[in-house]
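> Could you work out the structure for the sequence below:
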Amino acid sequence: MAEVDQSEKVCVLLVDDEVNILNSLKRLLLHDKQLKIVTATSGEEGLKQLDELTNVGLIVTDQRMPGMNGAVFLEKAIDKAPDATRIIMTGYADTSAAIDAINKGKAWRYLSKPWDDTELLNSVREGVDRYKIIQENKLLNALVHKQKEELEEWNNNLKSRVLQQTTAFRKKSEELQAALERVRESDSSVQGFIQSLCTLVDLRGTRAYKHAHNVAQLAESAAKEMGLDETTTETIRVAALLHDIGEIGISERLLMTAPEVMKFDEFREYSQHPVRAQLLLDTIDELRSVSELIRHHHENMDGTGYPDKLSGEDIPLGSRIIAFADQIDKTAMMCVGDIAEQALTRVSGMVGNGLDPALHKVFKKVVRYCYHMTPVAEGPKTVEKKLGPDGLRPGMVLARNLYNSAGRAVFSRGMLLDPVIIASVRGHFGLDPSDSSIYVLVEDTK
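Okay, the predicted model is just below:
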């Protein structure tokens with residue numbers, strides 16, 4: 001690409017083999033007069049456009065295209081527009097496409113089709129801002145480099161000039177450091193990678209997404225209660241958020257099977273998911289401490305866990321915290337009423353052999369802040385009722401698992417319905433209609 005003219009509009013390249021989608025995206029972005037919108041109907045055409053275009057700040061591409069797919073296109077586009085922010089768009093369940101785009105095409109963000117207009121516009125603005133900051137950094141680096149050369153030349157001729165220019169050099173160096181900090185604070189590559197991985201967890205369904213966030217909230221609250229420093233607490237929170245990322249690629253049938261009843265070969269495959277997670281995250285230097293905690297979150301205090309059979313305090317503290325939070329939330333999914341108390345009671349039997357006894361008191365203090373559940377009347381005062389999505393109301397409890405059209409349970413029996421979960425259920429039925437009915441527990445008014 002040619003040298004960037006700072007007065008030139010930032011170019012946004014949209015690539016999709018469906019012309020109607022390109023037109024929709026273009027109409028959505030045309031109101032921003034500071035952007036130049038260019039479209040291409042294939043990856044091959046997009047690469048030809050990049051040979052001619054200048055100041056390309058953002059590339060938005062579909063994954064599923066005939067010929068060259070989105071991940072391959074982004075990988076090839078790196079050489080032609082290395083500074084451009086890259087966004088991949090594809091269908092809801094295409095996890096392999098997302099992984100390819102992240103690993104090969106260095107995608108900054110992943111968006112699902114159909115997209116949300118507000119989310120898309122925000123992503124475009126953030127991506128363009130990120131590109132502008134990178135260009136500003138390049139200019140500052142070039143200026144600093146030029147002044148450094150001038151200083152070396154002046155040093156050979158006149159010391160007084162060196163003293164004058166030293167002040168200017170220091171000022172520009174400070175500006176460079178400030179610009180680099182803005183890149184880190186606005187949206188660093190590490191944070192973009194974490195966001196993409198969270199999107200992959202979301203693709204596994206509402207239950208997996210909610211479990212990941214519940215475990216992260218529990219683990220973070222426990223770390224704060226223990227007085228751990230801010231950096232350690234954040235490492236534990238991110239590790240808890242991504243603790244099941246290694247399960248991507250394992251069959252749904254196997255994930256729905258309890259480990260204690262798996263066959264030998266099945267358990268051997270399943271027990272490698274913490275190792276797979278570590279291999280994925282170790283590619284980012286800043287996430288290596290996160291990957292270590294994830295690797296060991298299935299170790300047991302008595303040494304019977306996996307993958308390394310560590311025991312006691314040989315297991316990292318963050319891993320022990322995540323393991324405790326993980327078991328509490330898995331148990332909470334099967335509870336109705338006072339969920340916090342029931343979950344703590346059920347995991348008490350695992351304390352000592354599997355879970356760290358020193359953490360029991362900590363979680364007794366924080367668990368109630370993470371499950372704001374209202375007790376629901378049981379016994380003869382409640383009845384099971386069959387409803388449609390529009391009939392759901394806050395306070396109802398799912399009486400049976402709710403399955404998608406592929407037969408996978410996406411909402412669990414015993415889940416207390418609140419406005420957020422009701423919206424998720426309705427959205428699920430809108431995107432994936434099935435013949436499953438919704439059975440809830442409601443108060444018997446007879």
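
> CA only for contacts and neighbour counts going forward, please
Will do.

> ranges for the helices of the stretch 1-150 of the chain?
Ranges of helices in the stretch 1-150 of the chain, per DSSP state H, counting those that start in this stretch, are 19-29, 43-52, 70-80, 95-103, 117-155.

> Which one of those has the poorest average confidence?
Ranked by mean pLDDT, the helices of the stretch 1-150 of the chain bottom out at helix 95-103, which scores a mean of 67.

> which residues does T39 contact?
13-15, 22, 46 (CA atoms under 8 Å, 6 or more residues apart in numbering).

> Name the member of the residues you listed with the most neighbours.
Among the contacts of T39, V15 has the most neighbours (other CA atoms under 10 Å), with 29 neighbours.

> What are the boundaries of the strands in the stretch 251-400 of the chain?
With DSSP state E, counting those that start in this stretch, the ranges of strands along the stretch 251-400 of the chain come out as 382-387, 397-398.

> and these, which is most packed in?
strand 397-398 (a mean of 23; mean count of other CA atoms under 10 Å).

> Give the next helix or strand downstream of that strand.
Per DSSP states H and E, the first helix or strand lying C-terminal to strand 397-398 is strand 402-403.

> Now for V215: which residues touch it?
Counted by CA under 8 Å, 6+ apart, V215 has contacts 240-241, 322, 325-326, 329.

> Out of the helices of the stretch 1-150 of the chain, flag the one nearest T232.
Closest of the helices of the stretch 1-150 of the chain to T232 is helix 95-103, at 26.2 Å (criterion: CA to CA).

> got a markdown table for the helices of the stretch 1-150 of the chain, with distance to K9 too?
Output for those, formatted as a markdown table (distance: least, CA to CA, whole Å):
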| stretch | distance to K9 |
| --- | --- |
| helix 19-29 | 13 |
| helix 43-52 | 15 |
| helix 70-80 | 18 |
| helix 95-103 | 27 |
| helix 117-155 | 11 |
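
> can you tell which of these is closest to L398?
helix 95-103 (28.5 Å).

> What score does D16 have for pLDDT?
Note on D16: pLDDT of 93.

> residues near it, how many?
Neighbour number of D16 under other CA under 10 Å is 25.

> my read: it touches G46, true?
No. Applying CA atoms under 8 Å as the test, D16 and G46 come out as separate, 9.3 Å apart.

> Ok, which of the helices of the stretch 1-150 of the chain comes nearest E247?
The minimum distance between E247 and the helices of the stretch 1-150 of the chain falls on helix 95-103, with 11.7 Å, by CA to CA.

> follow-up on the earlier one: determine which two of the contacts of V215 are furthest apart.
L241 and D329 (12.7 Å).

> so where do the helices sit in the stretch 301-446 of the chain?
317-332, 339-347, 360-370, 419-431.
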